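Build me a model from this:
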Amino acid sequence: MQNVATPHKFTEAALLSRERFPAAFALSVLFLGALWFGLCRELSGEWSVNEQYNFGWFVPFFALYLFWLRWQDRPSALTSNLKSHIAYSAALAIAALLLLLPLRLFEIANPEWRLLALVHALAVVTLTLLLLCRAGGKAWLRHFAFPVAFIFIAVPWPTALETPVIQGLMRVVAHVAAETAMLLGTPAQVEGNLIRVSNGLVGVNEACSGIRSLQTSLMIGLLFGEVKRLSVLRRLALVVCAVVIALLANFLRAVFLVMVAATENLSEVSRWHDIAGYSIIAFVFVATLVLAYLLGKHNCTVAAGVSPAKMQVQPTRLPLKFSAWYVLAALCWLLLIEIGTTAWYRLHERNLISGIRWNVQWPEQATNFRKLKIDNEIRAVLRFDEGDAAAWTNSSPVNATEPDTVSCSLYLFRWNPGKNSALLANLHRPDVCLPASGWKQVADHGVRSFPISDSVELPFRHFEFQRSFEGSPPQTAHAFYCLSEDRASGDSASLGNTDLPGMFGNRSEWTRSERFRSVLEGRRHLGQQVIEAIFMSNEPFSSAEAETQLRDFVRDVVRLREAN
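Purely as a prediction, here's the structure:
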């Protein structure tokens, strides 16, 4: 009897084990993990380089925690068998899955395109909610919607929306800080986004605008509202209070920095800038937590969307009502997307070879040599991995008896492969940067090659600019720009990649047609570097003189190095 019963019990245990942990569940977890990993991988680029979205690193973990809290009191799973609902869900899931293929193609070539990030997040959230709906019905869809959609708080805002908000906040902060400083007895005058005090100008940049504290306060308010399971109105009140606290604290920060600039010096502003910013985040966190506690004391909602009468202890069996083959097919599609997109770009790169790699030996012995600080705003826009700049003075080689003083500036930037668009290096061209400083372009002398060794030349595009002030003769600036890639076609590698759009033609305007063209051409970011030399003089300075200086300069400063 015992020998017969033992296999029977073993068979029952095996069946129960399979029922509690079906293959569909394991594949579903793997599928969702792959989906969310791909989304967070794309969003992490913005989280890493843009201080405004640094909080995004915490959002996936917060979302997972909120999902776990919801899982503890999930409602009973009631799946629908209506064919119309099943057909609608299947069509929506197939559309979202198919959308991931072109999304991945465009993300590889344009990783910083924010519209792609928004669409990608929408597709992932849609597939996750459809899977939950199929597993537990509409009750699960409503119950888990908030933690799944919480990731949207970490998706970068579209530029068309973010830029007006930032500009508006900067103007408001500048005027409020100046007026408050005047009331406190400190003379201050607003000049655009700048505040003039007795010791100089204090700039109200993106960080000072309050946009970072505004977005962080939105996340904190939504997070605590969900943790406390507040009602919709209470959640709205909590978020509004968090935003108001953040904006008021940021106004106080701006006033404080203006007072520091007026009473101490401008260098003290840099020292207190980040300290005050992080203090605001800590204050908003603590204040919102206290508000959430006070609002939650009399909150009657036990679980959002689920009445206490419907709450019950959940069985251990996982209520998955669909075949594991569907999830397996979706997993295979995700794998096929990665293989297909990688193959597309590698197909277009099969004829590429290593391009010219070089670095700079700084002329530290030059007259008045000094390193230049690159502003954080420029770093946030260009997203380079390595960047350096320096300035010094030189003499014009034409008139040896009475040489003219020439101010020289050199900028060097390096982008490692993969993280950014291949169009990004084209943003720091002289015809983009110098007009923003009041210079007017008067000539484009085209591209000429200058030797950096006996056998290798680098191409430089030559721009000429002028700037004049009232009562003084015009200043002249000659700017030379060279962009080279780590890998290039065999025909252009020896010439330093002169076929790149940054070397010939107009600058990149980041139009949709340019983005589409980069995908069709299979052009992804394989590593780039830019060198930009600027020679400025208060005396007439011809293009021939400037090119003579550049020829001597590249021989002395630019050094070849082996490609990795």
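
quick one: low-confidence parts of the stretch 101-250 of the chain?
Scanning the stretch 101-250 of the chain for pLDDT under 70 picks out 190-194, 196, 198-210.

Where do the helices of it begin and end?
Ranges of helices in the stretch 101-250 of the chain, per DSSP state H, counting those that start in this stretch, are 114-149, 159-183, 206-209, 211-227, 232-263.

any chance of those helices in a markdown table, plus distance to residue 360?
C-beta here means a position set from N, CA and C on the backbone, and glycine is covered the same way. Putting the helices of the stretch 101-250 of the chain into a markdown table (distance: least, Cβ to Cβ, whole Å) gives the following:
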| stretch | distance to residue 360 |
| --- | --- |
| helix 114-149 | 33 |
| helix 159-183 | 33 |
| helix 206-209 | 30 |
| helix 211-227 | 34 |
| helix 232-263 | 35 |
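
For the stretch 301-450 of the chain, give me the ranges with low pLDDT.
Within the stretch 301-450 of the chain, the set of residues satisfying pLDDT under 70 comprises 301-322, 376-377, 395-404, 419, 421-425, 427-428, 436.

which residue ranges form the helices in it?
Remark: helices assigned in the stretch 301-450 of the chain by DSSP H, counting those that start in this stretch are 324-348, 376-382, 430-433.

what comes up buried for the longest one?
What that stands for is helix 324-348. 326, 327, 330, 331, 334, 337, 341, 344, 345 (16 or more other Cβ atoms under 10 Å).

and of those, the nearest to residue 558?
Using Cβ to Cβ, residue 345 comes nearest to residue 558 of the buried residues of helix 324-348, at 30.1 Å.

Turn the helices of the stretch 301-450 of the chain into CSV, columns for distance to residue 556.
What follows is the helices of the stretch 301-450 of the chain, written out as CSV (distance: least, Cβ to Cβ, whole Å):
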stretch, distance to residue 556
helix 324-348, 38
helix 376-382, 26
helix 430-433, 21
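
Compare the ones you listed and give me the one nearest residue 240.
Across the helices of the stretch 301-450 of the chain, closest to residue 240 is helix 376-382 (Cβ to Cβ), at 28.6 Å.

Please save the CA atoms from the closest one in PDB.
What follows is helix 376-382, C-alpha atoms only, in PDB (Å, rounded to 0.1, in the frame of the first residue of the first chain):
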ATOM      1  CA  ASN A 376      27.700  72.800 -17.300                       C
ATOM      2  CA  GLU A 377      25.100  74.000 -19.700                       C
ATOM      3  CA  ILE A 378      27.500  73.200 -22.600                       C
ATOM      4  CA  ARG A 379      28.200  69.800 -21.200                       C
ATOM      5  CA  ALA A 380      24.500  69.100 -20.900                       C
ATOM      6  CA  VAL A 381      23.900  70.000 -24.500                       C
ATOM      7  CA  LEU A 382      27.000  68.400 -26.100                       C
END
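
Around residue 252, how many other residues sit close by?
17 (other Cβ atoms under 10 Å).

about what we covered before: so which of the helices of the stretch 301-450 of the chain comes closest to residue 486?
Using Cβ to Cβ, the helices of the stretch 301-450 of the chain put helix 324-348 closest to residue 486, at 14.6 Å.

Tell me the helices and strands packed up against that closest one.
helix 23-49, helix 83-109 (3 or more Cβ pairs under 8 Å, 6 or more residues apart in numbering; DSSP states H and E).

Output those helices in CSV; the columns should cover mean neighbour count and distance to residue 542.
Output for the helices and strands packed on helix 324-348, formatted as CSV (neighbours: other Cβ atoms under 10 Å; distance: least, Cβ to Cβ, whole Å):
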stretch, mean neighbour count, distance to residue 542
helix 23-49, 17, 40
helix 83-109, 16, 41
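
burial of the closest residue to residue 49 other than its chain neighbours, as a residue count?
Leaving aside its sequence neighbours, residue 49 sits nearest to residue 383 (Cβ to Cβ, 6 or more residues apart in numbering; 4.7 Å). When counting by other Cβ under 10 Å, one arrives at 23 neighbours for residue 383.

measure residue 383 to residue 390 for me?
21 Å (Cβ to Cβ, to the nearest Å).

Please enumerate the helices of the stretch 451-564 of the chain.
So, for the stretch 451-564 of the chain - with DSSP H, counting those that start in this stretch - the helices run 490-493, 512-520, 543-557.

what about residue 223, distance to residue 420?
Between residue 223 and residue 420 the computed distance is 30 Å (Cβ to Cβ).
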